[in-house]
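Q: Build the 3D model from these lines:
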Amino acid sequence: MRIPNLDQIADLTVMPEGEYDIKVISAKDIKNKEQTRSAIMLNCKIIGEENAKPVFHALWMGNNSDDKEKYDGMMRRVKEFIVAVGLDPNEIETNDFAGVEFTALLKIKNFNGEDSNEIARVV
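A: Predicted coordinates:
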């Protein structure tokens with residue numbers, strides 16, 4: 001098979017730091033490498049920016065081995081995010097995040113030599 005000319009296919013780019021409208025495309029449950037901590041991983045897109053790289057955001061959960069202060073701190077951050085994007089923190093499932101739209105301040109993060117956008121905070 002012959003591959004067509006790919007010059008017209010735009011590369012995905014990191015957006016400059018700033019405020020953007022975000023949409024959660026999908027959400028899934030994940031665990032850390034050691035399988036000791038759970039999170040909800042959100043796969044998001046920047047609305048109106050077709051060539052922007054996806055934005056991934058993890059909501060890390062507290063667990064039974066955490067002391068009360070650490071557990072409460074982690075779960076507080078999860079609750080604050082859920083409330084900020086307009087969801088009910090008392091009745092939520094992982095799949096409830098899909099389709100949610102919100103405005104966020106994005107920053108640029110470099111990991112292993114590759115830049116990506118990261119949610120600094122929901123506005």
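
Q: Tell me which stretches of this protein form strands.
A: Along the chain, counting by DSSP state E, strands occupy 18-31, 38-46, 55-60, 101-111, 114-122.

Q: Who are the contact partners of G48?
A: With contact taken as C-beta atoms under 8 Å, 6 or more residues apart in numbering, G48 is in contact with D21. Just so you know, the C-beta spots here come from the backbone N, C-alpha and C atoms, and that holds for glycine as well.

Q: give me phi/psi at it?
A: As for G48, its main-chain torsions (degrees, to the nearest 10) stand at phi 80, psi 0.

Q: before we move on, back to that, dump the strands of the chain into JSON lines; add mean neighbour count, distance to N5 and mean pLDDT as well.
A: Compiled in JSON lines, those are given as follows (neighbours: other C-beta atoms under 10 Å; distance: least, C-beta to C-beta, whole Å; pLDDT from 0 to 100):
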{"stretch": "strand 18-31", "mean neighbour count": "15", "distance to N5": "29", "mean pLDDT": "98"}
{"stretch": "strand 38-46", "mean neighbour count": "19", "distance to N5": "26", "mean pLDDT": "98"}
{"stretch": "strand 55-60", "mean neighbour count": "17", "distance to N5": "30", "mean pLDDT": "97"}
{"stretch": "strand 101-111", "mean neighbour count": "15", "distance to N5": "31", "mean pLDDT": "97"}
{"stretch": "strand 114-122", "mean neighbour count": "16", "distance to N5": "27", "mean pLDDT": "97"}
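
Q: Turn those strands into CSV, columns for distance to D67.
A: Output for the strands of the chain, formatted as CSV (distance: least, C-beta to C-beta, whole Å):
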stretch, distance to D67
strand 18-31, 20
strand 38-46, 18
strand 55-60, 16
strand 101-111, 28
strand 114-122, 26
